[in-house]
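J.: Pasting the sequence and the predicted coordinates here, then a few questions.
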Amino acid sequence: MMLAVKEINTAKTRAMDLMCWGKRKLFAAPNNSRKVRCTVIISALAAGIYVYALHQMANTISPNPMVLWNDNDTRRIVSRDKKCAEPTWNQVQDPFPALKLDAPCRFFDRIRLLNEALIQMRLQIINKEWMPNDTGNHSGDNKINIVGAAKDNYLHQLANFSQVTIVTLPWYEQIQQSHKTQRWSSCNDTSNLVIQDYYQWTADENLCKLIRTPGMTNHGYDVIYNRTCTTEVNRTIQKQSLNVLALNAKPAARSNSTKLGYPLHYYNTLPQNTLHFHIIRHGIVTPNSVVHSRNLKFVQLGCRYTVMLNGTEKPKDVPNNTQYEEIFPISQYWGYGFFHKMVENIPRLAPFVDFLRRNPQIKILVKERDRLTREILDILGLSQNEMISGVCRAKLIYLPRSVMCGFAGVQETQIASSLYHNYIQLNLRPEKRNKVILIRRSGKRKFKYQALIEKAVKNATLDYKLDFVVFKDNPLPSFRETMRMFYAAVLVVAPHGAGLSNVIFSQPGTFVIEGVCRPPRANLCYLRLSHILGHHWHGLLSGDGCEWEVNVAAETIMLTVRQHLQIITNNGSLEQSQCIRY
């Protein structure tokens, strides 16, 4: 469990007091007072070590456990804080060959144990299985087998390749055997999710009609949301469980086999795993995280998935003279875009920051080595891990599961958001949470009536005695200032666009009002992002296609904002309401 922010701040204050005391002694001491000088130096060193140690503790998910490795297929893990009852690390064959971590405890303790197990596994692979002198072509066998992650059984297929090790953190069911008739609920599930309380998302009647009607959107939102939509804004007040479908659903474009509906188990069966991870020995990785290894081509489920499935040839631009020892790919198609970077790429490494921090020699494969990506990695405590890009050849590939196109991953997103929250609390002096943020876009997809909307939202905000802030994209505020701003938000109003990705910094329970594009450009990626972060989302459909402008009347936004502000000011009922099963 992470060190409490209050304890960190107290420790930092104490360290600063030590340094100030040393400074006073230094100025008060005569020039020849060697004893005082030594005392000052020691106090300064002690203060520095104190701050450094506490920062290291704060940046770690939780204290490290010990792993006792045995010769048999079961390895016992001993947690130093004894929060897990007999966690084990098992080699299993059913339903497919994998290494499985059984850890019956809280979510972040399970993630901590998973990181420690990966650290130990890495040492074992390097010491026993790694062949540094083997420089042959490991991707050019005669028959190439393509494994695509869109198939429900792709892990079964992947497990057939000897160069691949699958690591799983199985879904832990807290329901006792005697209560098996009780349905799962996120309300009390602290083992598989960061967030327990969720809220009903809502929309205006025009948008609800699109979601309820089959075939109205290119992305198959009628299938993804089970043709269910409500216009009753007050329904968002009640805390509720996350729907099982939100854990299982995949993008349902017209070209996919899911365009007519998901299999029945998507609606009523929990996932087998909370998280899973792939370790691949000797391979070539493309900038979209497609892996070629010996007779395997492995394509993860991301943007342009069907395009990347085509062909069996390895990339032609593989550097002949460069082979990395260990890499951690997170790059996916369109990863240079802000939404795809923040929601699809970066969250892939969030569950494994401990593993990467403690192995700074592992290089992170990113879509582009730009200043923003470097800043985000620094914030996550990964400043020592080198960024690489392009097509890469590596001896060990640590491949996290992908995040689907425009479809935020539940656990990855929640962990990333939690890490950002901890950073904000420790380093950015968070402001009072009372801001209503209006996002002003300067390019395409801006509000058609931006000036009128700004005036209406500002007046409503002042009437409810909250702070009104305009988030501008030209010029953009600094990344850290953006984090700080959205962390203090109670309501975010915006046309569809990348600026809404910043709700990942907002605290659970934030209200989000989005101007949504009409088909064929209708995209509800921020609905899913907001919902799995525990936010309240409401959609207003644009009057036209919004190629350049989002056409939502200023009066419509004013009425919607005031309706939501009324709920926010009565937030006592929100806090006191009981989470109900879906």
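T.: On my side now, so go ahead.
J.: For the nearest residue to His496 once chain neighbours are set aside, grab the count of nearby residues.
T.: Closest residue to His496 apart from its sequence neighbours, by CB to CB, 6 or more residues apart in numbering: Cys517 at 5.3 Å. For the C-beta atoms, the positions are set from N, CA and C on the backbone; glycine is no exception. Other residues lying near Cys517 total 22 when counted by other CB atoms under 10 Å.
J.: go on, the one 3 residues further on?
T.: Neighbour count for Pro520, taken as other CB under 10 Å: 10.
J.: For stretch 99-113, which residues meet the burial criterion?
T.: Using 16 or more other CB atoms under 10 Å as the test for burial, stretch 99-113 gives 99-103, 105-113.
J.: Stretch 305-321 too?
T.: Neighbour-count burial for stretch 305-321 flags 305, 308, 314-315, 318 (criterion: 16+ other CB under 10 Å).
J.: For Leu380, which non-adjacent residue is closest in space?
T.: Val353 (5.4 Å).
J.: what's the helix or strand for that neighbour?
T.: Element membership for Val353, per DSSP states H and E: helix 353-357.
J.: Next SSE downstream of that helix?
T.: Criterion used, DSSP H and E; the element after helix 353-357 is strand 363-365.
J.: what packs against that next one?
T.: Contacts defined by 3 or more CB pairs under 8 Å, 6 or more residues apart in numbering; DSSP states H and E place strand 363-365 against strand 324-329, strand 387-388.
J.: So in that sheet, which strands flank it, and in what orientation?
T.: strand 324-329 (parallel), strand 387-388 (parallel) (DSSP bridges).
J.: Work out which residue lies at the spatial centre of the chain.
T.: Thr413 (2.3 Å; CA atoms, centre = their mean).
J.: Measure how buried the residue nearest to Leu380 is and give me the count.
T.: For Val353, the tally of surrounding residues (other CB under 10 Å) stands at 22.
J.: now Leu270
T.: Applying other CB under 10 Å, we find 16 residues neighbouring Leu270.
J.: List the single closest residue to it in space, sequence neighbours excluded.
T.: Nearest residue to Leu270, sequence neighbours excluded (CB to CB, 6+ apart): Trp171, at 5.3 Å.
J.: quick one, what contacts the one you found?
T.: With contact set as CB atoms under 8 Å, 6 or more residues apart in numbering, Trp171 has these partners: 192, 270-274.
J.: Could you work out the most separated pair of these?
T.: Spatial extent of those (CB to CB) is set by the pair Asn192 and Gln272 at 11.5 Å.
J.: quick one: which of those two has more around it?
T.: Neighbours were counted for Asn192 and for Gln272 using other CB under 10 Å; Asn192 has more, 24 against 13.
J.: My understanding was that Leu113 contacts Arg106; is that so?
T.: No. Leu113 lies out of contact with Arg106 (CB atoms under 8 Å); the separation is 10.7 Å.
J.: Report the separation between Tyr225 and Pro214.
T.: Tyr225 sits 12 Å away from Pro214, going by CB to CB, to the nearest Å.
J.: Looking at these two, which has the bigger crowd around it?
T.: Tyr225 (23 against 12).
J.: For the closest residue to that one other than its chain neighbours, grab phi and psi.
T.: Using CB to CB, 6+ apart and skipping the chain neighbours, the partner closest in space to Tyr225 is Ile211 (5.4 Å). Phi and psi for Ile211, reported as degrees, to the nearest 10, are phi -70, psi -30.
J.: mind checking how far Ile211 is from Ser241?
T.: Distance, Ile211 to Ser241, using CB to CB: 20 Å.
J.: Check the helices and strands packed on strand 363-365 for me and report the most buried one.
T.: strand 324-329 (a mean of 21; mean count of other CB atoms under 10 Å).
J.: Contacts only, for Leu210.
T.: Applying CB under 8 Å, 6+ apart, we find Leu210 in contact with 216-217, 221-222, 519, 522, 541.
J.: same thing with Asn192?
T.: 107, 171-172, 274, 411.
J.: In helices, which of the residues you listed fall?
T.: The helices, defined by DSSP state H, take in 107, 411 from those.
J.: from the contacts of Asn192, which two are the most distant?
T.: Spatially, the most separated pair among the contacts of Asn192 is Tyr172 and Gln411, at 12.4 Å (CB to CB).
J.: out of those two, which sits in the busier spot?
T.: Taking neighbours as other CB under 10 Å, Tyr172 and Gln411 compare with Gln411 leading, 23 against 18.
J.: From Leu275, how far out is that one?
T.: 6 Å.
J.: And Ala460, by the same measure?
T.: 42 Å.
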